[in-house]
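Peer 1: sequence and predicted structure below; questions after.
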Amino acid sequence: MISYFIKRIFQMVVVLWVVSIIVFTMMSFTGDPTYMMVPLDATEDEIANARMLLGLDKPYIVQYGIFLKNMLHGDFGRSFVFRQPALGLILERMPATVEMVLAAMALSLLLAIPLGVFAGAYPQKKASRGIMAGSLLGISLPNFWLGMMLIFILAVQFNVLPSSGRGTSVPVMGINLSIITMDGFLHIIMPAVTLCSSTLAILLRITRAGMMEVMKQDFIKFARAKGATFQNVLFKHALKNALIPVVTIFGLQLGDLIAFATITEYIFAWPGMGKLLIDSIYMGDRPVIVVYLMFVAFLFVIINFVVDVIYTLIDPRIRLR
């Protein structure tokens, strides 16, 4: 067990190191940030001094060494636009993004698991076919279109939900949360529904496929022969064995939604990391973009590690090696 954890930690460090090289190289080709730091009428000497202060006059390898050293100390530089530490800006916006994504994932699980179990247990029923048709629709509809339609119908036509913003938030253990207030809860409904549509459809179809495969296994027939009720067989025996692919997809979707909720955040003016990223790309704020990319890489390696551990809890036949 200990050797497995050491091996995985080493792998995560190597992955993050490679990502840091790729990110630094990509950012080096996005232009010279010196001109964002100096006035428009700056002289050549002022531009040269600015480049020296930013360390851009040094060789590429030296620049990367400085970047890596600062990154290990949590220093990603200061935002060119906001004039604040870039890491602090990301951490400030992170609770809003995580809150929206967790609400979307919770909604996806609450609907996808029971609907997928039903569709897998009774594949020939009309209700099951309707569920699968709805899931196909959820996969096909673009998130930006669904978000705009929700705003048009629920906010503009019927005025039952707010169209943008995060609403009222309150600090909980030093973290501002909005979902625990009524105003914040109303604000998060449409973004969460928009964000969960494709994830819900994917999890539903994976659950259905797993259930249909597991229901054909001999141990299911044996459990029924022993007198177990059909509901007990579905949720105690079949579902547990069908959850392995669901956990995999759930982990990947969780990381994907946190990393790439940019369009949804922009549509609903949600003050999260995704909206900050888009604004930073428009304004060429390189330090913020670097922090975001490194955070996404770190998030994915952590989620993959947690998913591997959860495998052993769901299926005792899987062991950590």
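Peer 2: Happy to help now that I have it.
Peer 1: please count neighbours and contacts with C-alpha atoms only from this point.
Peer 2: OK.
Peer 1: okay, the residue nearest the centre of the chain and residue 73: tell me how far apart.
Peer 2: Among the residues of the chain, residue 258 comes closest to the average C-alpha position under CA atoms, centre = their mean, at 2.1 Å. According to CA to CA, to the nearest Å, residue 258 stands 24 Å off from residue 73.
Peer 1: thinking again about what came up before, secondary structure element holding the residue nearest to the centre of the chain?
Peer 2: Assigned by DSSP states H and E, residue 258 belongs to helix 239-259.
Peer 1: buried stuff in that helix?
Peer 2: Of all the residues in helix 239-259, those buried under the rule 16 or more other CA atoms under 10 Å are 239-251, 253-259.
Peer 1: which stretches of this protein have low pLDDT?
Peer 2: Scanning the chain for pLDDT under 70 picks out 1, 30-32, 35-36, 315-321.
Peer 1: mind listing the strands for it?
Peer 2: With strands called from DSSP state E, the chain shows them at 170-172, 175-177.
Peer 1: residues making contact with the last one?
Peer 2: Put plainly, it is strand 175-177. 95, 96, 99, 169, 170, 171 (CA atoms under 8 Å, 6 or more residues apart in numbering).
Peer 1: of the strands of the chain, which stretch is the most buried?
Peer 2: Ranked by mean neighbour count, those are led by strand 175-177 with a mean of 16 (mean count of other CA atoms under 10 Å).
Peer 1: in its sheet, what does that strand sit against?
Peer 2: Strand 175-177 has the following strand partners under DSSP bridges: strand 170-172 (antiparallel).
Peer 1: what residues does the partner strand touch?
Peer 2: Contact with strand 170-172 is made by 176, 177, 178, 180, 181, as judged by CA under 8 Å, 6+ apart.
Peer 1: now stretch 298-318: buried residues?
Peer 2: By neighbour count on 16+ other CA under 10 Å, the buried set for stretch 298-318 is 298, 299, 300, 301, 302, 303, 304, 307, 308, 311.
Peer 1: what does stretch 104-114 give?
Peer 2: In stretch 104-114, counting by 16+ other CA under 10 Å, buried: 104, 105, 107, 108, 109, 112, 113, 114.
Peer 1: with distance to residue 69 added, can I get those in JSON lines?
Peer 2: As requested, those are arranged in JSON lines below (distance: CA to CA, whole Å):
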{"residue": "104", "distance to residue 69": "37"}
{"residue": "105", "distance to residue 69": "36"}
{"residue": "107", "distance to residue 69": "41"}
{"residue": "108", "distance to residue 69": "41"}
{"residue": "109", "distance to residue 69": "41"}
{"residue": "112", "distance to residue 69": "44"}
{"residue": "113", "distance to residue 69": "45"}
{"residue": "114", "distance to residue 69": "49"}
